[in-house]
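J.: what's the 3D shape of this:
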Amino acid sequence: MRLADWVVLCGALAFIVLYGLWRGRGSNSVNKYLLAGKTMPWHAMALSIMATQASAVTFISTTGQSYVDGMRFVQFYFGLPLAMVILAVTAVPIFHRAKVYTAYEYLEQRFDAKTRALVSAIFLIQRGLALGITLYAPAVVLTVILGWPDWLTTLVMGGVAVTYATLGGVKAIAWTDVQQMLVMTAGLVAALTCAVFLLPGDVSFLDAVTLAGAAGRLNAVTFNMDWNDRYNLWSGLIGGMFLALAYFGTDQSQVQRYLSGKSIAQSRLSLLFNAVAKIPMQFFILFIGAMVFVFYIYEKPPILFERTQLERLQSASMRADYSPVEQKYDAAFDLRKAAANQLIEARRRGDAGLWRKGLAEYGGAQRELDAARRASVSLAEKAGGGKINDTNFIFLTFVTRYLPAGLVGLVLAVIFGATMSAISAEMSALATVSVIDIYKRHFRTTASDRHYLAASRAATLFWGCYAVTSAHYAKSLGSLVEAVNILGSFFYGGMLGVFVLAFYFPRVRARGAFCGVLAGEAVIFASWYFTRIAFLWYNVIGCVVVVLTGLLISSLERRVGFSPRGASAPPMR
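T.: Residues are numbered from 1 along each chain as shown. Next comes the predicted model:
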């Protein structure tokens, strides 16, 4: 880190946080603190929704995911536009007209307090677990750059986020997110530009795209139908749509964004903007990872991107075992580079025979390179390194070693700011559910607005402390972007199913909804434990089980003439 990087990093973060606090002033009531007094314009909500989802996990891990597995992860988002349109038509007007602080308040209006409490508890468990993963992402950054202990990083980042989230509430968080998205856009453009311009002078942008495609790193769409494949067109369209419906339609961290809107129309616009913009943004981030892969065709990458593990391999005690692996890796790198030049020459000449020969050598060299990397991982793990997955270190290694002064600080500002945006929104959502759905509903039902405002601030502080503590356990989870989505898929199917019952099946009663959620969660965890079905399908399975169970139990209740509270739904308007 050079002086220019520190200036850019500190200056950008200070501006983002202070601007958010300035815009969040006057949050002196529960309504203003938790819902911004329903004054947010559509563009602020739209960028806040995008920033909340596009955390540092996205920026750090998605680029690394593209480097090792290509761009097929973009298919994860193919169902999102459909989900946004459905939610804009249904969930937005229902929640607004119900005049609720949380999505789970509506469940009591529709069913009963027991169902509301169950789904609120599921949200607190799921989002609470994800909070630590989100906060751990910047700890990876400073571990790579400064060698700081990760506990110190999480403490500093969590402390800053807690400060402005506690003081300014949702309004401060949303306007901070707006500035963060502007900085993120600048950082993305800078990173891609540098990745391309740092290539050798005789390698054009078209050449780089050719090499990325030849290595399978531009595989944005895969049509094979495989239940065990995490990312293909069908899992993305169907499973991804169900996950997006659950995330944006039932997760309070997202619902709270559009509940703060000036009107139903403004909230709808915020979701429709994300329907249009999310896939291109994610494609762009993944493409950066593919270009970083091409850059490392000509600049030899470390055999392990995690510096501490690489130093372990290079120690005197490991030299005898590591040297043969290193030699194979170096030889494979040279072969791949030569084959890449052959492919470029074949493309320019239009020589099909030379292209086939070069492609075979290129693929063979890549396999040898991958085998050497796997061998190095195995050696490091046997030497006491624990389970190693260096995906999260790939992009950061490129940034810190090769980007010019100032741009490193800009990219780090993106990563740090994105983390603060994500965890502050999640802390606010967790605090809202804790106070409105648990504390106010079951413990202190008639206190003053001032009391609940103080309770909301205290709950925000509590969840911030919880985030810092739980972040320690995220380091062994591999690709962080996958870890977040896998964790969400364990719970979102059940949450989505109960809202589908509430919105679309007016004859389903409270007992059917409650038992449906329990059955859906049981089947999801059974699918995880007993099968190899890809996690995106958990959202579909859970939702379907909840709906079928709710319909079955409610039908049986009607046959025996049992009529509990929550027998019918309010009309949809």
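
J.: From residue 339, how far out is residue 356?
T.: 12 Å (CB to CB, to the nearest Å). Glycine gets a C-beta too; all of them are placed from N, C-alpha and C.

J.: other SSEs contacting the longest helix along the chain?
T.: Ranked by residue count under DSSP state H, the longest helix found in the chain is helix 150-197. Helix 150-197 sits against helix 3-23, helix 30-35, helix 42-53, helix 113-145, helix 264-298, helix 394-402, helix 407-432, helix 449-470, with contacts defined as 3 or more CB pairs under 8 Å, 6 or more residues apart in numbering; DSSP states H and E.

J.: export those to a markdown table and tack on distance to residue 76 and mean neighbour count?
T.: A markdown table is the format used below for the helices and strands packed on helix 150-197 (distance: least, CB to CB, whole Å; neighbours: other CB atoms under 10 Å):
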| stretch | distance to residue 76 | mean neighbour count |
| --- | --- | --- |
| helix 3-23 | 28 | 17 |
| helix 30-35 | 30 | 23 |
| helix 42-53 | 12 | 24 |
| helix 113-145 | 16 | 22 |
| helix 264-298 | 8 | 21 |
| helix 394-402 | 18 | 22 |
| helix 407-432 | 17 | 28 |
| helix 449-470 | 25 | 19 |
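
J.: Which one of those lies nearest to residue 559?
T.: helix 113-145 (21.5 Å; CB to CB).

J.: pLDDT weak spots in this protein?
T.: Residue ranges of the chain with pLDDT under 70: 54-58, 137-138, 140-142, 144-146, 225-230, 385-386, 472-485, 561-573.

J.: still on that earlier bit, among the helices and strands packed on helix 150-197, which is nearest residue 255?
T.: Going by CB to CB, the one of the helices and strands packed on helix 150-197 nearest residue 255 is helix 407-432, 8.1 Å.

J.: which residues touch residue 541?
T.: 493, 520, 523, 524, 527, 533 (CB atoms under 8 Å, 6 or more residues apart in numbering).

J.: Drop anything exposed from those.
T.: Neighbour-count burial (16 or more other CB atoms under 10 Å) applied to the contacts of residue 541 gives 493, 520, 523, 524, 527, 533.

J.: chain center to stretch 112-125, what's the gap?
T.: What separates the centre of stretch 112-125 from the centre of its chain is 23 Å, taken as CA atoms, centre = their mean, to the nearest Å.

J.: picking that back up, tell me the first helix or strand C-terminal of the longest helix of the chain.
T.: helix 205-214 (DSSP states H and E).

J.: Name the residues of that following helix that are buried.
T.: Here helix 205-214 shows 207, 208, 209, 210, 211, 212, 213, 214 as buried, counting by 16+ other CB under 10 Å.

J.: can I get those residues in TSV with distance to residue 362?
T.: Shown next, in TSV, are the buried residues of helix 205-214 (distance: CB to CB, whole Å):
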residue	distance to residue 362
207	13
208	14
209	15
210	11
211	8
212	12
213	11
214	6
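
J.: which ones are touching residue 78?
T.: So residue 78 contacts 233, 236, 237, 240, 241, 279 (CB under 8 Å, 6+ apart).

J.: Hmm, I typed the wrong one, I wanted residue 24.
T.: If you count contacts by CB under 8 Å, 6+ apart, then residue 24 has 164, 167, 168, 169, 170, 171, 172, 173, 175 around it.

J.: wait, the third one sits on residue 28?
T.: This points to residue 168. No - using CB atoms under 8 Å, residue 168 is not in contact with residue 28; the gap is 11.0 Å.

J.: okay, residue 356 and residue 339: which has more neighbours?
T.: Higher neighbour count among residue 356 and residue 339: residue 339, with 23 against 11, using other CB atoms under 10 Å.

J.: what about stretch 147-155, distance to the chain center?
T.: How far stretch 147-155 lies from its chain's middle: 21 Å, per CA atoms, centre = their mean.

J.: buried ones in that stretch?
T.: Those would be 150, 153, 154, 155, for stretch 147-155 by 16+ other CB under 10 Å.

J.: Max pairwise distance over the contacts of residue 24: which two?
T.: Farthest pair in the contacts of residue 24, by CB to CB: 167 and 175, 13.0 Å.

J.: Now do the contacts for residue 190.
T.: So residue 190 contacts 403, 407, 410, 411 (CB under 8 Å, 6+ apart).

J.: Contacts for stretch 365-385 next, please.
T.: Against stretch 365-385 from outside (CB under 8 Å, 6+ apart): 215, 303-304, 309, 312-313, 318, 321-322, 325-326, 328-329, 331-333, 335-336, 339, 387-388, 390.

J.: would you list the contacts of residue 541 in TSV and tack on secondary structure and distance to residue 71?
T.: Below are the contacts of residue 541 laid out as TSV (DSSP: H, G, I helix; E, B strand; the rest coil; distance: CB to CB, whole Å):
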residue	secondary structure	distance to residue 71
493	helix	26
520	helix	32
523	helix	32
524	helix	28
527	helix	27
533	coil	23
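
J.: Please identify which two of those residues are farthest apart in space.
T.: That would be 520 and 533, which, of these, are the farthest apart (CB to CB) at 14.8 Å.

J.: Excluding chain neighbours, what is closest to residue 495?
T.: Among residues not flanking residue 495 along the chain, residue 250 sits closest, at 4.3 Å (CB to CB, 6 or more residues apart in numbering).

J.: quick one: that neighbour and residue 492 touch, right?
T.: Yes - with contact defined as CB under 8 Å, residue 250 counts as touching residue 492 (7.1 Å).

J.: Residue 32 and residue 101 touch, don't they?
T.: No - assessed by CB under 8 Å, residue 32 is found out of contact with residue 101, at 11.9 Å.

J.: ranges for the helices of the stretch 301-450 of the chain?
T.: Residue ranges of the helices in the stretch 301-450 of the chain, as given by DSSP state H, counting those that start in this stretch, are 307-313, 319-349, 352-380, 394-402, 407-432, 440-442, 449-470.

J.: can you redo the ones you listed as JSON lines with distance to residue 6?
T.: Shown next, in JSON lines, are these (distance: least, CB to CB, whole Å):
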{"stretch": "helix 307-313", "distance to residue 6": "20"}
{"stretch": "helix 319-349", "distance to residue 6": "34"}
{"stretch": "helix 352-380", "distance to residue 6": "32"}
{"stretch": "helix 394-402", "distance to residue 6": "13"}
{"stretch": "helix 407-432", "distance to residue 6": "6"}
{"stretch": "helix 440-442", "distance to residue 6": "44"}
{"stretch": "helix 449-470", "distance to residue 6": "23"}
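
J.: closest to residue 1 out of those?
T.: Of these, the one closest to residue 1 (CB to CB) turns out to be helix 407-432, at 6.9 Å.

J.: Could you list every helix and strand in contact with the closest one?
T.: In terms of contacts (3+ CB pairs under 8 Å, 6+ apart), helix 407-432 is packed against helix 3-23, helix 42-53, helix 56-69, helix 113-145, helix 150-197, helix 252-259, helix 394-402, helix 449-470.

J.: For residue 557, find the nearest of those helices.
T.: Taking CB to CB, helix 113-145 is the member of the helices and strands packed on helix 407-432 nearest to residue 557, at 14.5 Å.

J.: Can you give the distance from that closest one to the centre of its chain?
T.: Counting by CA atoms, centre = their mean, helix 113-145 comes out at 11 Å from the chain centroid.

J.: circling back: tell me the one among the buried residues of stretch 147-155 nearest to residue 261.
T.: The closest of those to residue 261 turns out to be residue 154 (CB to CB; 32.3 Å).
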